[in-house]
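K.L.:
dropping a prediction and its sequence here:
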Amino acid sequence: MPVELIDDPARWDGFIDESADGTLFHKWEFLRILEKYTGYQLFRYGVYRGEDLISVIPVFYTKSIGLKLIYSPPPTSSVNIPYLGFATSPLFGRLGGFEREECWSQIVKEFRDEVMKISPNYMTIGLVPGIRDVRPFLRNDCDADLMYTYIIDLKPPLISIWEGIDRYCRKDIRAAAKYPLVMRRSYDAYKFVELMREGLKKLGGTFYDRQSPAYIEEILRAFPDNVKLFFLYDGDALIGANLVCGFKKRCIGWMGNTTTDNGFNANDYMLWEIIKAAKQEGYESLENAGADEKRLNFAKTKFNPDLVPCFNITKKDIIYKTAKYANRKLEKLVRF
Amino acid sequence: MKIELIGDKSTWDAFIERSPHGTIFHRWDFLKIVEKYVRYKLYPFGIFDGNELLSVIPFYLSLRGGLKMMLSPPAINMANVPYLGFSMCPEFERLKLSERADLMGRALREVDTGLRRMATNYICIGMNPGLKDVRPFVWDAYETDQQYTYILDLTRPLKEIWDGFDRDCKKNINECMKFPLTFNESEDVGRFCEILKKNLTRDGPTFYHRQDPAYLKELLAAFPDNIKLYFFYNGDEVVGVKMNAGHKKHYISWIGNVAMQKDLNVNEFFYWEMIKKAKSEGYRTFENYGTIDKRLNNFKSKFNPTLEPCFYVVKKDGLYRTVELSYNAVSRVANVPKAIMGNKR
């Protein structure tokens, strides 16, 4: 199975559009924006099975204090992308159990062999939630961290979705609806980032503090049909914001969701409004990330989502481990 | 909530029968037979809310090098039990996600408290594949080890199951039909173990080398309706052996099955026969456990099963970590001369 770099945007995007694992984050233009705002070098790899392009994976390469690092996606603190990694072709999806496992093992091995030519000290791949078989990575000296995400099924009638929501949450939404709340679409990325920075001030340096608002602005401009920014107003006061990303039949509540205390639960109200809007636009699922955080567990499950596993793959060599260990010790010393 | 040892077989078995996670391996007699042959003391814990039994978990205490290890199940090469762990009350699956995570978290805290009182250094739990949310364990500082099992859905029509098989697999099964292949039930565990020992010699000391065949004999006698031993024949020649276990609506292709006849793929044929038999007996799922060994995966995945994740969770205290670190360091030092000699050769 040869691995080659792909330099044809139409071919790449055509593949991503057809792939069951292809997300908006995989699109050629989205990757270009990530490359621009991280300053990392982007490689778009394609893995072939005979003449057929069977899988693609975009990886970002950078050097930091002499260490070679490979990311797919780049760190959350710089781009806030939940996952990226491999996308596979419809042909792969049609393979039977034995052939599919063999093919998947080969894809992973061939990619690993190719990327090892760069001699990275550290590699991390966030797999999309549909990919569950991590055995080929484990056999290739990688570690796999199990994570989870919440996905709300939008296929049932709206009334069924509403009835599946926690009783107290429905009560909160009904109570919030008595206020003059309006959700409006916006293109003001700067205002969004300012609101998020203010809301997450106590968490310290977040993505919103580190990244320029121009990053979000450029994404909004590049994907007006897919990425939508919503502001929630109580009368004239801006009380919440949410950046929603829709692609194919899947929608992700990507960023946002902070509100100031107004005496009612604006978060739940806003999420319900987004569910209704996503369903109306024909999306079949809405992802509400953050299932691994215990403090968010109760709030996120009020909407009766499915718990879906996903994996983060890492590979660290001895130099990286030593450097990390030394760095931790040094930080302790400095704090002391 | 409180944790207590359960000493009453009928209470335990009644709970296991009602629990969606209760397996044949959780049954009281099974646990006691394992205790007898593994020689680890059994601790069948129940977690109660008032008088209501919410969960059970059987542990085996292993003492080694001064360390106390609580295992559920014991090591695979001792009892060949693939998973054990928590079995939750029937209401558990009807709860909402957050409530399920909360209940599992509270049950786990009780278990931790109980095991801490016993000065346990190491806890290892192999979870039933039905329990997929390991976040309560992660939040409680357990390490997780991702594993998989293969499960075939038997509720589909037989033709659909057959059509899903790999092309070569179907061809091999059709080829086998030209031969006088038969199978029958047996109780000859001595011969079963001998055949497996002989065929698995190159894999080193396996379960069959370590364990007394009387262990399997007792299991067969204790669960005649659930556990069955089969011998497969080509004419008069034994060409395969298999021990399977069925419980509730779940059938597990448990132990055995070696490729004894190299020129004919009889394993695929008999595997198909077992699938048909399980389906005709009303089982809804057919499990073929063990997906780490790539060589075996190539066989198992031919039947187009679903790859289901399951988990082992482990917690180590400071003493256990220190001993483990020292042991690993000594092992590395001890292996240096071997490595040098190996290189020289």
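P.N.:
Alright, I've got the coordinates.
K.L.:
give the buried residues for the helix or strand hosting residue B:218.
P.N.:
Residue B:218 is part of helix B:213-222 when elements are defined by DSSP states H and E. Within helix B:213-222, the residues that count as buried by 16 or more other Cβ atoms under 10 Å in any protein chain shown are B:213, B:215, B:216, B:217, B:218, B:219, B:220. For the C-beta atoms, the positions are set from N, CA and C on the backbone; glycine is no exception.
K.L.:
stretch B:57-71 too?
P.N.:
For stretch B:57-71, the buried set under the neighbour-count rule, 16+ other Cβ under 10 Å, comprises B:57, B:58, B:59, B:60, B:61, B:62, B:67, B:68, B:69, B:70, B:71.
K.L.:
need the contact partners of that stretch.
P.N.:
B:26, B:31, B:34-35, B:38, B:40-45, B:47, B:72-74, B:84-87, B:111, B:115, B:118-125, B:319-320, B:323 (Cβ atoms under 8 Å, 6 or more residues apart in numbering or on different chains).
K.L.:
make a ChimeraX selection of the buried ones in these.
P.N.:
Those of the contacts of stretch B:57-71 that meet the burial criterion (16+ other Cβ under 10 Å) are gathered into one ChimeraX selection, given here:
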select /B:26,31,34,35,38,40,42,43,44,45,47,72,73,74,84,85,86,87,111,115,120,121,122,123,124,125,320,323
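K.L.:
in helices, which of the contacts of stretch B:57-71 fall?
P.N.:
Restricting those to those inside helices, with DSSP state H as the criterion, leaves B:31, B:34, B:35, B:38, B:111, B:115, B:319, B:320, B:323.
K.L.:
quick one on the thing from earlier: got JSON lines for the buried residues of helix B:213-222, with pLDDT too?
P.N.:
Listed next are the buried residues of helix B:213-222 as JSON lines, based on pLDDT from 0 to 100:
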{"residue": "B:213", "pLDDT": "90"}
{"residue": "B:215", "pLDDT": "94"}
{"residue": "B:216", "pLDDT": "94"}
{"residue": "B:217", "pLDDT": "94"}
{"residue": "B:218", "pLDDT": "95"}
{"residue": "B:219", "pLDDT": "96"}
{"residue": "B:220", "pLDDT": "95"}
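K.L.:
list just the nearest of these to residue A:330.
P.N.:
Checking the buried residues of helix B:213-222 against residue A:330 by Cβ to Cβ gives residue B:215 as the nearest, at 54.8 Å.
K.L.:
separation between the nearest residue to the closest one once chain neighbours are set aside and residue B:3?
P.N.:
Computed as Cβ to Cβ, 6 or more residues apart in numbering or on different chains, the closest residue to residue B:215 that is not its neighbour in sequence is residue B:37, at 4.1 Å. Noted for residue B:37: a distance of 26 Å to residue B:3, by Cβ to Cβ, to the nearest Å.
K.L.:
now residue B:162: how far from residue B:298?
P.N.:
When Cβ to Cβ is the yardstick, residue B:162 and residue B:298 sit 19 Å from each other.
K.L.:
the two: who's more crowded?
P.N.:
Under the criterion of other Cβ atoms under 10 Å in any protein chain shown, the comparison of residue B:162 against residue B:298 puts residue B:162 first, with 17 against 14.
K.L.:
SS state for the closest residue to that one other than its chain neighbours?
P.N.:
Nearest non-adjacent residue to residue B:162, counting by Cβ to Cβ, 6+ apart: residue B:170, 7.1 Å away. On the three-state scheme (DSSP: H, G, I helix; E, B strand; the rest coil), residue B:170 is labelled helix.
K.L.:
what's the helix or strand for the residue in the stretch 101-250 of chain A that chain B sits nearest to?
P.N.:
Closest to chain B within the stretch 101-250 of chain A is residue A:101: 4.8 Å, counting by Cβ to the nearest Cβ. Under the criterion of DSSP H and E, residue A:101 resides in helix A:97-115.
K.L.:
correct me if wrong: residue B:28 contacts residue B:12.
P.N.:
Yes: here residue B:28 lies in contact with residue B:12, judged by Cβ atoms under 8 Å, at a distance of 4.9 Å.
K.L.:
shared neighbours of the two, anything?
P.N.:
residue B:44.
K.L.:
more neighbours: these two, which one.
P.N.:
With other Cβ under 10 Å as the criterion, residue B:28 and residue B:12 differ in neighbour count, and residue B:12 comes out ahead with 22 against 19.
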